[in-house]
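Enquirer: return atomic coordinates for the entry below.
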Amino acid sequence: MPLLTLEQLTKGFPARSGQSVAAVKGISFSLSAGELLALVGPSGCGKTTTLRLIAGLETPDSGIIRLADKVANEIPPQDRHLAMVFQQHALYPHLTAAENLAFGLTLRGIGRAEVSQRVNEIAAKLGINKCLARKPAELSGGERQRVALGRALIRKPSLLLLDEPFANLDAPLRRELRRQLLRLHQDEKLTTLLVTHDQIEALALGHRVAVMNEGQIEQIGTPTELRTQPATPFVSTFLDPRIV
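Expert: This is a model prediction of the structure:
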């Protein structure tokens, strides 16, 4: 059974004219347990709206969101057992890195000893052990994004949603964090949906890649399938042939 299934999901937003403009137009796909699916497309194509619908931060106009065997449309965000990492890390500026990592666990009433153990474990995996006593303003951009990723992973969610998590970092740091994310995914077998406009990132990380354009899914397939068997003219022209 897929862990995530979208069925004819649609979402529109009001325009200046007063009419609704569709950001997501009846998309359907599923995500298997342990899979990393990359959703790639140009800016404004509906990628982030799709992610926000899954997270419960937006309400669909029509269609169904299933998490495992449950229809999730009416389930509050905090009860969907998923975690989301945004492009802007959104750390609490008055808390240390360790306190940011622990925040969600503390809210759930998890004991201090277990919280400390899990903070140290995730910090070791992300290589931020020496940063735990610092506040976000004292961290580099890469360190802040590692803390944001750790804050999501420490909760052990059923589904991890990543919205352009490395977009604000320079190229060498993006490559480093992509490798780190791939290792973490392989170790944790965590079901992940990654939204990105970066084709290199999508093709390097995704077991499968969904190409989105103007609110619709043009094609879903393995990186090899997308390169060698493009299903639509958009896919054939959107993907850069120089990316190996």
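Enquirer: quick one: neighbours of residue 1, just the number.
Expert: The local packing of residue 1 (other Cβ atoms under 10 Å) involves 9 other residues. Glycine gets a C-beta too; all of them are placed from N, C-alpha and C.
Enquirer: let me redo that: residue 44
Expert: By the criterion of other Cβ under 10 Å, residue 44 has 13 neighbours.
Enquirer: check the gap between it and residue 152 for me.
Expert: 25 Å (Cβ to Cβ, to the nearest Å).
Enquirer: can you classify residue 192 by secondary structure?
Expert: Secondary structure state of residue 192, per DSSP: H, G, I helix; E, B strand; the rest coil, is strand.
Enquirer: ugh, typo on my part, it should be residue 210
Expert: Here residue 210 is recorded as strand under three-state DSSP.
Enquirer: run through the bridge partners of it.
Expert: Residue 210 forms beta bridges with residue 39, residue 220, as assigned by DSSP bridges.
Enquirer: what pLDDT does it get?
Expert: As predicted, residue 210 sits at a pLDDT of 97.
Enquirer: begin at 57 from now on, thanks
Expert: Shifting the count to begin at 57 puts that one at residue 266.
Enquirer: shouldn't it be in contact with residue 87?
Expert: No: counting by Cβ atoms under 8 Å, residue 266 stays clear of residue 87, with 9.6 Å between them.
Enquirer: need the contact list for residue 290.
Expert: 267, 269, 274 (Cβ atoms under 8 Å, 6 or more residues apart in numbering).
Enquirer: am I right that the last one sits in a strand?
Expert: To tie it back to what came earlier, the one meant is residue 274. Yes: inclusion of residue 274 in a strand is indicated when three-state DSSP is applied.
Enquirer: now do the buried residues in stretch 271-284.
Expert: Residues 271, 272, 273, 274, 275, 276, 277, 279, 282, 283 are the ones in stretch 271-284 that count as buried (16 or more other Cβ atoms under 10 Å).
Enquirer: okay, those in JSON lines with distance to residue 256 next?
Expert: Output for the buried residues of stretch 271-284, formatted as JSON lines (distance: Cβ to Cβ, whole Å):
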{"residue": "271", "distance to residue 256": "24"}
{"residue": "272", "distance to residue 256": "23"}
{"residue": "273", "distance to residue 256": "20"}
{"residue": "274", "distance to residue 256": "19"}
{"residue": "275", "distance to residue 256": "18"}
{"residue": "276", "distance to residue 256": "19"}
{"residue": "277", "distance to residue 256": "17"}
{"residue": "279", "distance to residue 256": "11"}
{"residue": "282", "distance to residue 256": "13"}
{"residue": "283", "distance to residue 256": "13"}
